[in-house]
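Peer 1: Provided below for reference: sequence and predicted model.
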Amino acid sequence: MTATPTLELRGVDKSFGPVQVLHDVGFRAHAGEVTALVGDNGAGKSTLVKCIGGIHPFDSGDYLFEGRPVQVHSPREAAALGVEIVYQDLALCDNLDIVQNMFLGRERRSGLILDEATMEEMAAETLAGLSVRTVTSVRQRVSSLSGGQRQTVAIAKAVLWNSKLVVLDEPTAALGVAQTAQVLELVRRLADNGLTVVLISHNLNDVFAVSDRIAVLHLGRTAAQVRTGDVTHAQVVELITAGRSGDLGPATTNGATT
Amino acid sequence: MRAGPSQEEVRRLNLGTLLRHLHTGGPVSRAVLADRMGLNRSTILALVSELTAAGLVREELPRDTGRAGRPSLVVRPDPRIYVLAFDVGVDQVAAARVGLGGAVLDRRETTYPRIGIRPEEAAAVLTGHAKEMTAAAPADAVCAGAGAAVRGMVRHPDGLVRSAPNTGWTDEDFGRDLAGRLGLGLPVLLDNESNLGALAEHVRGAGQGLEDLIYLHGDIGIGGGVIAGGRLLRGHNGYGGEVGHLLVNPRGGRPCGCGSRGCLEAEAGQGALLEAAGRVPDTTGRQAVRSVVEAADRGDVAARAALHTVAEWLAVGVSSLVNLYNPAAVVFGGTLRDIYLGAAAQIRSLINTRTLAASREEVRFRVCRLGDDTVLAGAAELAFGRLFADPLGHRGP
């Protein structure tokens, strides 16, 4: 792929006090593709995502968005670039309905009052654009939704803001088979619609089902960045657990092989 | 050797193309149509007026543009035009009323506890569904065609069902029988379920915009539809793309309904999965397959082993298809959707090691976007095809 990646991180270091969590990490994600980020527990996936989302600043390293070097110091700045993150706990409010959740903190106003009609329309449009048919009414309370529906709402919320990069942290972790399938299809559709999607998952089956590229973190370093069509399940498992597999793995550079 | 197309033929072609654009792309302004079709605006105006007069399209103000200035009219398919789509499965029949533009307006289905529906029985049940749906339709609605999907080998172009091993049909003129019962004065066009699935996913599903794709449909057997260069690959008599009978395990493979051994459908079909998972022999259908995938996900060892075995054979078959056709996408539909999502790591790993690197470089693996309605949507597309071929002369008496 010759196009400029939507997101490129180079040589990212991050420490919390004496603990170095990320060490010279490189990462790339392209538009129209699902890039899976995998790694063992404690490999640094969540930290990397929080760095992308502006929650943690990097100690050093480059953050390139659509080829331009940028500085991201807060979630608001990340959102302004078009970066949205769906965290594992989804951060939805049970006592609010779908529209209220999707616009929480960024409500549309007309004059002094909230523009409920526009918000409702935009929410419904976004859900329809993602071919979500499982939600019957956008005025349903989130507490009445199933796990898969909640995940869908959280993803739709991230897409609503003309975002360019959507990071999904373990979106299928707590779901049954049918709901996992729905969420995976949704993830794939986001990328097919032209968004850049980063999928964090422990489930290699999900990773192989929808991803175009796989980035493996091992002990805070990038073990490999490969195309999903070039590797096997066994190789990825080896990269996750041992940090290298045959020719794949860090040699002299930071592990980016493609 | 004949001369170039007559003016009349060109006009018919343009009308059909315009209608097809609206059907697949949704309502747009005349300016956009002119751009998409590469015709000048006055031609588009003439075509639109003709179609409007025939009651096939409408010109309306868009609901809201959100922009300043006088909004331009959009051309939209007339909501009164619909087709009847039928799907004859091995243990289920379904019928739908599908509007021009692709929306499913009404849908009925009947499930049977056993396999092997007789053609007369299927035709009678479907006629019942169709009559109910046409009665429930608005009084000014117009039926523009009918299409049906069958699980078997369908002769092209007359639609004779030559053989359907899983339902036991041989040389059935099902389309004529169904058309006679419906009494709409319209023929019922027939094709194989996976050819129609391929068509549907190509027109408005996971393969939209892709000229080369393979659709694999899992049911009791496995069917395949190959779209190459934007056209369905039918072969000499219409039996092309019988992917289910791709020989993957000729030595000591499982016996197949076709009389051979080790066909893809025998090794990776529903029977193989359910038998390997130790399910009772007479349980069939989507639910049975889904329950195995679900059990495998929960960690049931027998179900996992069964899913892996089947996934491996499926990967062998898909690898050959990727090498043969170099598709832009392979779309898994029917029960193969569940199997692919349940065993993607294994399936893709095998494909990644067994296909030519150049062939697989850009191939996408997708699950059908139209879900359980893929085949019905394909039957509707088949029926609309006749309308697009001759928009003004499609109507029967």
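Peer 2: On my side now, so go ahead.
Peer 1: Could you use CA atoms for every contact and neighbour count after this?
Peer 2: Noted.
Peer 1: Quick check: A:Val159 vs B:Thr335, distance?
Peer 2: 30 Å (Cα to Cα, to the nearest Å).
Peer 1: swap that for A:Pro18, sorry
Peer 2: 52 Å.
Peer 1: So between the two, which is more surrounded?
Peer 2: Taking other Cα atoms under 10 Å in any protein chain shown, A:Pro18 and B:Thr335 do not tie; B:Thr335 has more neighbours (24 against 6).
Peer 1: my read: that one touches B:Val289, true?
Peer 2: Yes: with contacts counted by Cα atoms under 8 Å, B:Thr335 reaches B:Val289, the gap being 6.7 Å.
Peer 1: Could you pull out the residues contacting both of these two?
Peer 2: Listed as contacting both B:Thr335 and B:Val289 by Cα atoms under 8 Å, 6 or more residues apart in numbering or on different chains is no residue at all.
Peer 1: So is the helix or strand of chain A with the lowest mean pLDDT next to chain B?
Peer 2: Sorted by mean pLDDT, DSSP states H and E, the helices and strands of chain A end with strand A:109-110, the least confident at a mean of 78. No: using Cα under 8 Å from any Cα of the partner chain, strand A:109-110 stays clear of chain B, coming no nearer than 14.9 Å.
Peer 1: Other residues contacting that strand?
Peer 2: By Cα under 8 Å, 6+ apart, strand A:109-110 touches A:Asp115.
Peer 1: run the last query once more with 10 Å
Peer 2: By Cα atoms under 10 Å, 6 or more residues apart in numbering or on different chains, the residues outside strand A:109-110 that reach it are A:Asp115, A:Glu116, A:Thr118, A:Met119.
Peer 1: now the helices for chain B?
Peer 2: B:7-25, B:30-37, B:41-53, B:119-136, B:174-182, B:193-204, B:264-268, B:270-276, B:285-298, B:301-325, B:335-342, B:344-354, B:357-360, B:374-389 (DSSP state H).
Peer 1: So which of those is the most surrounded?
Peer 2: Among these, ranked by average contacts under mean count of other Cα atoms under 10 Å in any protein chain shown, first place goes to helix B:264-268 (a mean of 30).
Peer 1: which strands and helices sit next to it?
Peer 2: strand B:222-228, helix B:270-276, helix B:301-325 (3 or more Cα pairs under 10 Å, 6 or more residues apart in numbering or on different chains; DSSP states H and E).
Peer 1: mind putting the ones you listed in JSON lines, distance to A:Gln151 and mean pLDDT included?
Peer 2: Shown next, in JSON lines, are the helices and strands packed on helix B:264-268 (distance: least, Cα to Cα, whole Å; pLDDT from 0 to 100):
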{"stretch": "strand B:222-228", "distance to A:Gln151": "33", "mean pLDDT": "94"}
{"stretch": "helix B:270-276", "distance to A:Gln151": "31", "mean pLDDT": "90"}
{"stretch": "helix B:301-325", "distance to A:Gln151": "26", "mean pLDDT": "95"}
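Peer 1: hmm, back to that, which element follows the least confident helix or strand of chain A toward the C-terminus?
Peer 2: strand A:113-114 (DSSP states H and E).
Peer 1: average model confidence for that following strand?
Peer 2: Averaged over strand A:113-114, pLDDT sits at 82.
Peer 1: same check, this time on stretch B:347-367
Peer 2: Mean predicted lDDT for stretch B:347-367 stands at 92.
Peer 1: Quick check: the residue of the stretch 1-150 of chain A nearest chain B.
Peer 2: Nearest residue of the stretch 1-150 of chain A to chain B: A:Ser131, at 9.2 Å (Cα to the nearest Cα).
Peer 1: show me the contacts for that residue.
Peer 2: Contacts of A:Ser131 (Cα under 10 Å, 6+ apart): A:Glu125, A:Glu185, A:Leu186, A:Arg189, B:Arg369, B:Leu370.
Peer 1: For A:Ala242, which non-adjacent residue is spatially closest?
Peer 2: A:His218 (7.6 Å; Cα to Cα, 6 or more residues apart in numbering or on different chains).
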